[in-house]
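Peer 1: okay, here's the prediction I keep looking at, along with the sequence it came from:
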Amino acid sequence: MLKGLFESSSPFTQLIILGFCMVTSFLLTICIGVIFAPLILGIPITEFLNSFSNSGMEQNLNQMRYMQTLYSFSTFIIPAFLAAYLFSRTVTGYFGLERITPVNWYVAVLFLMLASIPFINLLASLNEMIVFPKSLSGLEQRLKDFEEGAQQATKLFLNVDSAGGIFFNIFMIALLPAVGEELIFRGALQKIFTRWTGNIHTAIVICGFLFSLMHFQFYGFFPRWLLGVMFGYLMVWSGTIWLPIFAHFVNNAVAVFFSCMIHKGIISEKVEYIGASFGDIPVTIVTTTVAAWLLWKIYQRYCG
């Protein structure tokens, strides 16, 4: 009955509806998640609620994982499909889910993401060099404190030894965000802003900006913005959400893999920063050239 009800609504109306779906889904899912927490985590509900007021993150790691998983489903995945149901007569058509992309193009995207790592790290390094004026020193310190807290939480998630823990991290940190964030930003928002601005390039840049802003990490803002723009073009060129989801997943999964290998002492921490130093410039130039060539080949495949 409600399918495609707001298909012809204005972009502004669709944006408000999407926001309403995200907020409502988040509140309802979190409430349901709290109710079922004792059954899933095996702890009393009072202990579950009190765990978030304690300062020790390590003692509450399972609760944090549980809430992070709920967050991905409630804020991105559920509202994205709900919005697609309201904005289109076919949910699969709205996201281009039915369009088949040859396996070799997923291989090309895999190498594209790997080749992009040094340049992304270089951009992140330059981003970290930004210094605020003295009048904004308080804001700068708060941003750094938030960044440090986020990094500590991420390290706790990633530093696991068991195979089960690694696979769950791939699911929670790599797969769920890749699916949910791409459905919202490239699947829904990019369509809304394309209609609103009348220009696909403007829409891609805006959605990339919002994608980076949503992470609330200023010192990784510009490389994440660039990634968002890249995912946006992959969506437009291929006509399906599967390609940007895969690219996003590869980006996240590589971080999980490197962290696991570093935690086990198999590789050096320097691997995470390849491309960020002056001595890595030759590698960065070569890999960036390869990434640019792969992007061009993908563009030619779909638009040439």
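Peer 2: It's in. Numbering: from 1, shown residues only.

Peer 1: tell me the helix or strand right after the lowest-mean-pLDDT helix or strand in the chain.
Peer 2: Of all regular secondary-structure elements in the chain, judged by mean pLDDT, DSSP states H and E, the least confident is helix 137-158 with a mean of 74. Secondary structure here is assigned by DSSP states H and E; on that basis, the next helix or strand after helix 137-158 toward the C-terminus is helix 163-169.

Peer 1: surely F185 meets F211?
Peer 2: Yes. In this structure F185 lies within contact range of F211 using Cβ atoms under 8 Å: 4.7 Å. (Each C-beta comes from the backbone N, C-alpha and C, glycine too.)

Peer 1: between the two, which contacts overlap?
Peer 2: With contacts defined as Cβ atoms under 8 Å, 6 or more residues apart in numbering, the residues shared by F185 and F211 are G228, F231.

Peer 1: which of these two has more neighbours?
Peer 2: Counting neighbours by other Cβ atoms under 10 Å for F185 and for F211 shows that F185 has the greater number, 27 against 24.

Peer 1: OK, contacts around the more buried one?
Peer 2: Contacts for F185 (Cβ under 8 Å, 6+ apart) come out as C207, L210, F211, G228, F231, G232.

Peer 1: now the helix ranked longest in the chain, how far from the centre of its chain.
Peer 2: Taking DSSP state H as the assignment, the helix of the chain that covers the most residues is helix 11-41. From the chain centre to the centre of helix 11-41 is a distance of 18 Å (Cα atoms, centre = their mean, to the nearest Å).

Peer 1: check stretch 232-241 too.
Peer 2: Its chain's average C-alpha position is 16 Å from that of stretch 232-241, according to Cα atoms, centre = their mean.

Peer 1: before we move on, what about stretch 291-300?
Peer 2: Mean-position distance between stretch 291-300 and its chain equals 22 Å (Cα atoms, centre = their mean).
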